[in-house]
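Undergrad: After the sequence you'll find the predicted model.
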Amino acid sequence: MAANDWKEKVKEVLEDVRPALQRDGGDVQIIEITDDGIVKVALQGHCAGCPMSQMTLKMGIEQHLKRLVPEVKEVVNV
């Protein structure tokens, strides 16, 4: 898949994830999607200070993205 295509798919997938985060008072903002498959995000709201935020990021957001967009290598909170 072309770089722009999979990067757009990342944005679409995060839009699908966003309502679940918002139900808990949080959100996620894309900061950067690198050409080598790193998705940099900023967790916001309750997610930013939540002790479970790293698990949400890695076991929730990252795993979901990797499953639907194989070009994604890692998701990091910046």
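TA: Everything's here; your move. Numbering: from 1, shown residues only.

Undergrad: And the helices in this protein, which stretches?
TA: Secondary structure of the chain by DSSP state H: the helices cover 3-23, 46-49, 53-55, 63-68.

Undergrad: ranking these by mean pLDDT, which is last?
TA: Taking the average pLDDT of each of the helices of the chain, the minimum falls on helix 46-49, with a mean of 89.

Undergrad: Please save the CA atoms from that one in CSV.
TA: Extracted C-alpha coordinates of helix 46-49, given in CSV (Å, rounded to 0.1, in the frame of the first residue of the first chain):
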residue,chain,number,x,y,z
HIS,A,46,-8.3,11.4,31.5
CYS,A,47,-6.1,9.2,29.3
ALA,A,48,-3.2,11.6,29.7
GLY,A,49,-2.9,11.0,33.5
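
Undergrad: What are the contacting residues of that helix?
TA: With CB atoms under 8 Å, 6 or more residues apart in numbering as the test, helix 46-49 has contacts from 21, 24, 25, 26, 27, 28, 42, 53, 56. Where C-beta positions appear, they are placed from N, C-alpha and C, glycine not excepted.

Undergrad: Just to be sure, which of those residues are found in strands?
TA: Secondary structure of the contacts of helix 46-49 is defined by DSSP state E; positions in strands are 26, 27, 28, 42.

Undergrad: any chance of those in JSON lines, with pLDDT too?
TA: What follows is the ones in strands among the contacts of helix 46-49, written out as JSON lines (pLDDT from 0 to 100):
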{"residue": "26", "pLDDT": "94"}
{"residue": "27", "pLDDT": "95"}
{"residue": "28", "pLDDT": "96"}
{"residue": "42", "pLDDT": "96"}
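
Undergrad: Which residues are in contact with the nearest residue to residue 44 once chain neighbours are set aside?
TA: When the adjacent residues along the chain are set aside, residue 44 lies closest to residue 27, with 4.3 Å between them (CB to CB, 6 or more residues apart in numbering). Applying CB under 8 Å, 6+ apart to residue 27 gives the contacts 18, 21, 43, 44, 45, 47.

Undergrad: Now that we have those residues, can you turn them into TSV and tack on neighbour count?
TA: Listed next are the contacts of residue 27 as TSV, based on neighbours: other CB atoms under 10 Å:
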residue	neighbour count
18	15
21	20
43	21
44	14
45	14
47	22
